[in-house]
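Enquirer: could you work out the structure for the sequence below:
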Amino acid sequence: MNKCRFATGLFGCAWFIATGKGQTLVDLRTQSKSVDFSGAASTKPMQTGSALPSTCAVGQFFFLTTAAAGSNIYACSPANTWMVEGNSLSVNSSTTNEVLSSNGSSIEWLSLGGDISGAPGGLTVNRLQGRILSSTAPASGQVLQWNATANQWQPAAAEAGNASYTFATQVSITIPGTLHQFGTANLVVNCYDNSTPPQQVEPDKIQISPTTYNVTINFSTAQTGYCVVNGAGTASVSAGSGPVNSVFGRSGAVLPQTGDYTFSQISGIAGASQLPGVGGDVSGTLTAATVTGIQSRVVANTAPTNGQALVWNASGPAWQPGPISAISGTIASGQLPSAGGDLSGTLTAATVKGLQGQAVSSTLPSNGQALVWNSAASAWQPSNASASGATMAYQLGDLAAVRTSSTVLSIGVGCAAASPCNVRFGYQVYSIANSATATVGGSGIGTAYVYLNNSGTLMVGNNLTVTCSAGCTQQAGITSFPPNVLPLYTWTATNGTWDITGGRDQRAFLSAKTLAAGQGIVVTEAPGQSTLAVDNGVIPTYLMNSVTLTFPSIATGTCAADQTMTVTGANPGDAVAPGWPALPAGVFGIMLVSATNTVTVRLCNLSGSGAAPPSATYRATIVRNY
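Expert: Numbering: from 1, shown residues only. Prediction:
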């Protein structure tokens, strides 16, 4: 060991000792080259405190211990201004059930909207193609039907197919248009009595209002039974109030009523398989959907804690809850999921474009229409609801007359080779495979009578100026339906224009007339015609004729020259029943068939003196039983 021997050396030792026992401070900013704190037991790189300092320099950080977890770190920029880092979007009760979205430059919280609403885990479809979907709970058998008055889709009953109205001991009944709800005057009406089985009753008159569509049925005598109304529109069968006892749907079920009636359009229950499900990034049902993916990337089923965000875990791979500080940069619009599958647009403005993967037409529906599948267009489209699809011949469209313009009536527009309009006369059936038009002109007021004659020709009889197209024949001078024809329609016209409400449907869905042969009557059938004939073996044939004859004076004991008369059909050997005029006393005569079609008259005088018979009428009658 060195020893301090001099005063100066002693001073130097004292300085060394003093400095060796003191604390040495190092400026890491200027005196360090590379610092690695990974091995340190703990580090605190920031100032901490329960309140932010009132002043700060740009680049300075501060850890605020009183802030919510995930929102503790603040940076100073600009000077004396603290900004929270890592969580620019606040999370609180006001953002419940909202989703992160990008507007192209920043991210934001947005609520779900458009045709859907509710929480992401329980979406509710409250619109279809932007049109309101009623929240009314449907009844069994109802369908979605557009109500133009309420401007929304809502549950409604479906078509029953026809309307049946019972009555008892009545000579006149009226079925209101608001009851049968076919919405047209083109109706077919048939009535039946209450016998078993029921027999058709022929009304005395049937009238259908062209404005209210009320059906009025009159009988010549009081009847008891029911009348069936059928048409191509949409009927309804629902409870109401009115004077009848029951309403029958197509199924035959009796619905007790106490007042007026309405008829349901569509019945039955939509099965689970008919309701749309969800897929892709969503599972479950539309009323309880669960988002299981984003842009086809799995979202982990892990419960997040307060303040966490969805963070991509590449080792998963999956989106999973993590601290918001792990997210940096800006979320691009391409990173957010867009609506897909049966939805289009964005999650905040989604539009239902399909049901179970089948397209839904964007066509605006009309009042009372329902979504009906169109196989040709491969889409659900608004259309008139129809359980049976009544549009043609066997579906009540046969030979209907429609006013297609102010001057043109179209007759049998649906009659085609594939769906002919058939009519029958006797056992002869005629098929109408083409439509026709009747064009009115001229002036004045009159009526057109549309009918089929017994040779299957479509006729338009009229007292107007009418031109028929190919497929029909106009017949002038007709003021009523001729005999032995099938009436179809009547239509009035005024001054060269078909009246808008001038049409009257005269078609009868079913009709029959039975000809029974009585004693001595024979019935024979030919195409379109029944012929009645007399059986001469039972009922004799009478041949008769009368003429005026003038005989000269007849001497007693002689006969005058024979005279003849014509009796068509007479044959030699036929017995003749003479019809004599008043003859002079002692004059008598005979009549006989002297040749075919010829009867000879002979007068003889046995009075004892000459006699001059006056000019008189002589009648010959032949009775034949063969």
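Enquirer: all helices of the chain, in order?
Expert: Taking DSSP state H as the criterion, the chain carries its helices at 7-20, 28-31, 177-180.
Enquirer: need the least confident one among these, by mean pLDDT.
Expert: Ranked by mean pLDDT, the helices of the chain end with helix 7-20 in last place, scoring a mean of 44.
Enquirer: now do the nearest residue to Gly341 once chain neighbours are set aside against Thr81, distance only.
Expert: In this structure, Gly341 finds its nearest non-sequential neighbour in Gly280, 5.0 Å apart by C-beta to C-beta, 6 or more residues apart in numbering. Any C-beta I mention is one placed from the backbone N, CA and C, and that applies to glycine too. Going from Gly280 to Thr81 by C-beta to C-beta, to the nearest Å gives 45 Å.
Enquirer: between those two, which one's more packed in?
Expert: Remark: of Gly280 and Thr81, Gly280 carries more neighbours, 16 against 13, as counted by other C-beta atoms under 10 Å.
Enquirer: mind checking how far that one is from Gln295?
Expert: According to C-beta to C-beta, Gly280 and Gln295 sit 10 Å apart.
Enquirer: and Ser419, what are its phi and psi?
Expert: Here is the backbone geometry of Ser419 (degrees, to the nearest 10): phi -140, psi 70.
Enquirer: which of the residues in stretch 586-601 are buried?
Expert: Val587, Gly589, Met591, Leu592, Val593, Val599, Thr600, Val601 (16 or more other C-beta atoms under 10 Å).
Enquirer: return the subset of those lying in strands.
Expert: Secondary structure from DSSP state E places Val587, Gly589, Met591, Leu592, Val593, Val599, Thr600, Val601 of the buried residues of stretch 586-601 in strands.
Enquirer: ok, back up a step: turn the buried residues of stretch 586-601 into a markdown table, columns for pLDDT and distance to Val576.
Expert: Shown next, in a markdown table, are the buried residues of stretch 586-601 (pLDDT from 0 to 100; distance: C-beta to C-beta, whole Å):
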| residue | pLDDT | distance to Val576 |
| --- | --- | --- |
| Val587 | 94 | 18 |
| Gly589 | 94 | 11 |
| Met591 | 95 | 4 |
| Leu592 | 95 | 6 |
| Val593 | 95 | 6 |
| Val599 | 96 | 6 |
| Thr600 | 96 | 9 |
| Val601 | 96 | 10 |
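Enquirer: out of these, flag the one nearest to Thr302.
Expert: Among these, Val593 lies closest to Thr302 (C-beta to C-beta), at 123.5 Å.
Enquirer: quick one, what contacts the closest one?
Expert: Neighbour list for Val593: Val567, Ala570, Asn571, Pro572, Gly573, Asp574, Val576, Val599, Thr600, Ile622 [criterion: C-beta atoms under 8 Å, 6 or more residues apart in numbering].
Enquirer: nearest residue to the last one in space, please, no chain neighbours.
Expert: Across the structure, with C-beta to C-beta, 6+ apart as the measure, the residue nearest Ile622 apart from its sequence neighbours is Leu543 (4.2 Å).
Enquirer: also the third one?
Expert: With sequence-adjacent residues excluded and distances taken as C-beta to C-beta, 6+ apart, Asn571 is closest to Thr596, at 5.9 Å.
Enquirer: which residues touch the one you found?
Expert: Counting by C-beta under 8 Å, 6+ apart, Thr596 touches Ala570, Asn571, Pro572.
Enquirer: identify the bridge partners of the residue lying closest to the first one once chain neighbours are set aside.
Expert: In other words, Ala570. The spatially closest residue to Ala570, leaving aside those adjacent along the chain, is Val593, at 4.9 Å (C-beta to C-beta, 6+ apart). For Val593, the beta-bridge partners are Val599 (DSSP bridges).
Enquirer: name the single longest strand found in this structure.
Expert: Looking across the chain with DSSP E, the single longest strand is strand 215-231.
Enquirer: so what strands line up beside that one?
Expert: Counting by DSSP bridges, the strands paired with strand 215-231 are strand 162-175 (antiparallel), strand 187-193 (antiparallel), strand 205-208 (antiparallel).
Enquirer: could I get those as JSON lines with mean neighbour count?
Expert: Output for these, formatted as JSON lines (neighbours: other C-beta atoms under 10 Å):
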{"stretch": "strand 162-175", "mean neighbour count": "19"}
{"stretch": "strand 187-193", "mean neighbour count": "19"}
{"stretch": "strand 205-208", "mean neighbour count": "16"}
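Enquirer: between these, which gets nearest to Trp312?
Expert: strand 162-175 (63.0 Å).
Enquirer: tell me how far that closest one lies from the chain's centre.
Expert: On the basis of C-alpha atoms, centre = their mean, to the nearest Å, strand 162-175 sits 26 Å off its chain's mean C-alpha point.
Enquirer: ditto for stretch 524-533
Expert: Between the centre of stretch 524-533 and the centre of its chain there are 43 Å (C-alpha atoms, centre = their mean).
Enquirer: what is the end-to-end distance of it?
Expert: Stretch 524-533 has its terminal residues 8 Å apart, counting by C-alpha to C-alpha, to the nearest Å.
Enquirer: which residues does it contact?
Expert: Outside of stretch 524-533, the residues within contact range by C-beta under 8 Å, 6+ apart are Phe425, Gly426, Tyr427, Gln428, Asn454, Ser455, Gly456, Leu515, Ile521, Val522, Val523.
Enquirer: swap the cut-off to 6 Å and go again
Expert: Phe425, Gly426, Gln428, Asn454, Leu515, Val522, Val523 (C-beta atoms under 6 Å, 6 or more residues apart in numbering).
Enquirer: swap in stretch 360-373?
Expert: Residues from elsewhere that reach stretch 360-373 (C-beta under 6 Å, 6+ apart): 129, 143-146, 148, 354, 379-385.
Enquirer: let me see the domain layout of this structure.
Expert: What the record gives for the chain is the domain set 47-84, 111-140+272-295+337-390, 161-263, 296-333, 398-505, 541-624, from automatic domain parsing.
Enquirer: can these go into TSV with extra columns for distance to Asn97?
Expert: Formatted as TSV, these follow (distance: least, C-beta to C-beta, whole Å):
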stretch	distance to Asn97
domain 47-84	20
domain 111-140+272-295+337-390	4
domain 161-263	39
domain 296-333	14
domain 398-505	54
domain 541-624	101
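Enquirer: right, and those domains - which one's nearest Gly39?
Expert: Taking C-beta to C-beta, domain 47-84 is the member of the domains of the chain nearest to Gly39, at 22.2 Å.
Enquirer: over to the closest one now: how far is its first residue from its last?
Expert: End-to-end span of domain 47-84 (C-alpha to C-alpha): 14 Å.
Enquirer: swap in stretch 48-56?
Expert: End to end - C-alpha to C-alpha - stretch 48-56 spans 13 Å.
Enquirer: likewise stretch 27-35?
Expert: Using C-alpha to C-alpha, the end-to-end distance of stretch 27-35 comes to 12 Å.
Enquirer: distance from that stretch to the middle of the chain?
Expert: In terms of C-alpha atoms, centre = their mean, the centre of stretch 27-35 is found 85 Å from the chain centre.
Enquirer: buried stuff in that stretch?
Expert: Buried-residue list, stretch 27-35, by 16+ other C-beta under 10 Å: empty.
Enquirer: what does stretch 442-450 give?
Expert: Gly446, Thr447, Ala448, Tyr449, Val450.
Enquirer: want to throw the residues you listed into a markdown table with pLDDT and distance to Gly231?
Expert: Conversion of the buried residues of stretch 442-450 to a markdown table gives the following (pLDDT from 0 to 100; distance: C-beta to C-beta, whole Å):
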| residue | pLDDT | distance to Gly231 |
| --- | --- | --- |
| Gly446 | 94 | 27 |
| Thr447 | 96 | 23 |
| Ala448 | 95 | 22 |
| Tyr449 | 96 | 22 |
| Val450 | 96 | 18 |
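Enquirer: which one of those is nearest Arg507?
Expert: Val450 (9.6 Å).
Enquirer: highest neighbour count among the contacts of Thr596?
Expert: Counting neighbours by other C-beta under 10 Å, Ala570 comes out on top of these with 23 neighbours.
Enquirer: thought that one was touching Ile622?
Expert: Yes - between Ala570 and Ile622 there is a contact under C-beta atoms under 6 Å: 5.4 Å.
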